[in-house]
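1. Quick one, fold the following:
(one chain, ligands or ions: 1)
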Amino acid sequence: MAIWNEAKECMSRDELENLQGKRLVKQVNYVYHNVEFYRKRMQAQGLEPGDIRGLEDLNKLPYTTKDDLRDTYPFGLFAAPQSEIVRIHASSGTTGKATVVGYTRHDIDIWSECVTRALVQCGISKNDIVQVAYGYGLFTGGLGAHYGVENTGATVVPMSTGNTKKLITMMKDFGVTGIMCTPSYLLHIAETIKEGGDLDKIKLKVAVCGAEPWTEKMRQQIEEELHINCFDIYGLSEIMGPGVACDCLYHKGLHVQEDHFLPEIISKDTLKPVADGEVGELVFTTLTKEGIPLIRYRTKDLTSISREKCECGRTTARIARFKGRSDDMLILRGVNVFPSQIEAALLEVSETLPHYMIIVDRVNNLDTVEVQVEVEERFFSDEIRELENLTRRIEGVIKTAIGIAVKVKLVEPKTLARAEGKSVHVIDKRVFD
Ligand code: DLL
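-> Residues are numbered from 1 along each chain as shown. Alright, predicted model coming up:
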């Protein structure tokens, strides 16, 4: 029997934690004997595999970071020999080298299984036709989603990114019922569908979006605009790719595939675990990975965790919608600001369109922030006073949200660049040296 089938549907927490404990012991043994980096790290702390006897010993283990992956570029953290690695993905680092990950056949099967569970949770079955509009290639989004859709039995249409008109034509002609893409790209697709008067010609019912931070308001907006159910899927290439966690019909947090990925939330300052419900940095230990298993990997994603049973009946832990990343936090005039806070503030103003750009600069040693946001066309033909009033109103809403004054510049629809992959919402021109 394949190892991952040990996890029964809706195990009790005790059963699940028992399984996690056993898998943790096995995974720690595996990395100790197959990855020099981990052997040395553990030895430096006076740790032997035998010291890890279950979940209660997890906090003895050292953390792993993105820098560790960069420092061992390209394959230094691989535990399986090249002959067992059937696929490689890489994520582009903002600085320095890409981080490279490798999968064995078994890893790929588990990945597909995890995406399938997520899709089933979102109501997708073999009766669906699903367009995958994440980028195919080194990014995990395209291929990760692709094999998950196939494994579900649904029909996959591998669109990748890049041709919205063709995507919509096929959506209409094929009777596409599901789509997987970034939420910002789906908003762009929705905009194009409406412009073309195509809304009543599509059969779309479900979207499974992720790969970038977004707000609950944006999720609801997508649902309303396209008359569909829209779900939040999370993942990162270091741990697997899409499907590490996904929300359910109740939208009360993202269920973690806990039999494969052990989550912790830690304080980014003390690095100690925080209580359930408290916001901190999400850390994962892989439990069944063969290619590149990671122990206590610091994701830098900020969220909180709940281990209460969900209304949907699932017992797996849920992580809340992401509050941002500990490393995309902007410090503006000494104040910590997350771009998602500005996005949430903009969504409160009904006249704004969901496309914006935050431009940060430093003039005379003072941080300046300009938020460019698209508003409806009519404001540019109406009296200039209306435009000014709206600008002041938005500046007020943002100031209330983040505590500092920003300059708002309203721009016409379609002025700001549209993303087909991950959207870029911040341009930081400051130089820190
Ligand atoms: O973005 C994997 C993925 C593809 C997830 C498609 C979902 C859908 P990376 O390129 O390694 O992998 O980027 C991982 O993206 O640490 C988060 O900061 C962010 N992220 C991913 N999903 C979400 C989400 C893919 N649902 C990084 N909400 C992660 C917020 C997300 N942030």
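2. Across the sheet, point out what pairs with the closest residue to Leu332 other than its chain neighbours.
-> Spatial nearest neighbour of Leu332, excluding adjacent residues (Cβ to Cβ, 6 or more residues apart in numbering): Asp367 at 5.0 Å. The C-beta positions use only the backbone N, C-alpha and C, and glycine is treated the same way. Asp367 has these beta-bridge partners by DSSP bridges: Arg362.
3. count of neighbours near Asp367?
-> 19 (other Cβ atoms under 10 Å).
4. swap in Asn365?
-> 5.
5. so how far is the ligand from it?
-> 31 Å (Cβ to the nearest ligand atom, to the nearest Å).
6. ditto for Leu330
-> 15 Å.
7. residue contacts, the closest residue to that residue other than its chain neighbours?
-> Excluding its sequence neighbours, the residue lying closest to Leu330 (Cβ to Cβ, 6+ apart) is Val337, at 4.7 Å. If you count contacts by Cβ atoms under 8 Å, 6 or more residues apart in numbering, Val337 has them with Met329, Leu330, Ile331, Ile402, Ile404.
8. Now the buried members of those residues.
-> Met329, Leu330, Ile402 (16 or more other Cβ atoms under 10 Å).
9. Can you spell out which residues form a bridge with the closest residue to the ligand within the stretch 151-300 of the chain?
-> The stretch 151-300 of the chain approaches the ligand most closely through Gly210 (3.1 Å), counting by Cβ to the nearest ligand atom. Judged by DSSP bridges, the bridge partners of Gly210 are Ile233.
10. can you check Glu374 too?
-> With DSSP bridges as the criterion, Glu374 is bridged to Val411.
11. Which pLDDT does the model give it?
-> We have a pLDDT of 96 for Glu374.
12. before we move on, the earlier item: the ligand versus the residue nearest to Leu332, what's the distance?
-> Taken as Cβ to the nearest ligand atom, the span from Asp367 to the ligand is 24 Å.
13. Might one say that that residue is in contact with Ile359?
-> No. Shown here, Asp367 and Ile359 do not form a contact pair, counting by Cβ atoms under 8 Å, at 11.2 Å.
14. List of residues touching stretch 175-182?
-> Residues from elsewhere that reach stretch 175-182 (Cβ under 8 Å, 6+ apart): 119, 124, 127-134, 141, 145, 149, 154, 157, 161, 170-171, 186, 189, 202-212, 233, 242, 419, 421-423.
15. For the ligand, tell me whether it is touching it.
-> No. Stretch 175-182 stays clear of the ligand (Cβ under 6 Å from any ligand atom), getting no nearer than 7.3 Å.
16. For that stretch, list every residue counted as buried.
-> Buried residues in stretch 175-182 (16+ other Cβ under 10 Å): Val176, Thr177, Gly178, Ile179, Met180, Cys181, Thr182.
17. how about those residues, which pair is most distant?
-> Spatially, the most separated pair among the buried residues of stretch 175-182 is Thr177 and Thr182, at 19.2 Å (Cβ to Cβ).
18. how about the residues of the stretch 1-150 of the chain near the ligand?
-> With Cβ under 6 Å from any ligand atom as the criterion, the stretch 1-150 of the chain meets the ligand at residues Ser91, Tyr134, Phe139, Thr140, Gly141.
19. Need the max-distance pair from these.
-> Ser91 and Tyr134 (12.8 Å).
20. who has more neighbours, those two?
-> Set side by side, Ser91 and Tyr134 show more neighbours around Tyr134, with 30 against 18, by other Cβ under 10 Å.
21. where does Arg70 fall, helix, sheet strand or coil?
-> Here Arg70 is helix, with the state taken from DSSP: H, G, I helix; E, B strand; the rest coil.
22. quick one: it from Ile292, how far?
-> Distance check for Arg70 against Ile292: by Cβ to Cβ, to the nearest Å, it reads 14 Å.
23. And for Thr182?
-> If you measure Thr182 against Ile292 using Cβ to Cβ, the figure is 25 Å.
24. What strand or helix carries whichever residue of the stretch 51-200 of the chain sits closest to the ligand?
-> Proximity of the stretch 51-200 of the chain to the ligand (Cβ to the nearest ligand atom) peaks at Gly141, 3.5 Å away. Using DSSP states H and E, Gly141 falls within helix 140-152.
25. Restricting to C-alpha, output the longest helix along the chain in CSV.
-> Secondary structure of the chain per DSSP state H: the longest helix is helix 13-34. Taking C-alpha atoms only, helix 13-34 is exported to CSV below (Å, rounded to 0.1, in the frame of the first residue of the first chain):
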residue,chain,number,x,y,z
ARG,A,13,-6.8,14.7,15.6
ASP,A,14,-5.2,12.0,17.7
GLU,A,15,-5.0,9.6,14.8
LEU,A,16,-3.6,12.3,12.6
GLU,A,17,-1.0,13.4,15.1
ASN,A,18,0.0,9.8,15.7
LEU,A,19,0.6,9.4,12.0
GLN,A,20,2.5,12.8,11.8
GLY,A,21,4.7,11.7,14.7
LYS,A,22,5.7,8.4,13.0
ARG,A,23,6.3,10.2,9.7
LEU,A,24,8.4,12.9,11.4
VAL,A,25,10.7,10.3,12.9
LYS,A,26,11.1,8.6,9.5
GLN,A,27,11.7,11.8,7.7
VAL,A,28,14.3,13.0,10.2
ASN,A,29,16.2,9.7,9.9
TYR,A,30,16.0,10.0,6.1
VAL,A,31,17.4,13.5,5.9
TYR,A,32,20.1,12.7,8.5
HIS,A,33,21.4,9.8,6.4
ASN,A,34,20.9,11.3,2.9
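26. what's next to that helix, contact-wise?
-> Identification of contacts with helix 13-34 by Cβ under 8 Å, 6+ apart yields 6-8, 11, 38-39, 42, 48-49, 52-55, 58, 61, 79-80, 258-259, 262, 285-290, 293, 295, 307, 315-316.
27. same thing but 7 Å
-> Under the criterion Cβ atoms under 7 Å, 6 or more residues apart in numbering, residues 6-7, 38-39, 42, 49, 52-55, 58, 79, 258-259, 262, 285-288, 293, 295, 307, 315 lie in contact with helix 13-34.
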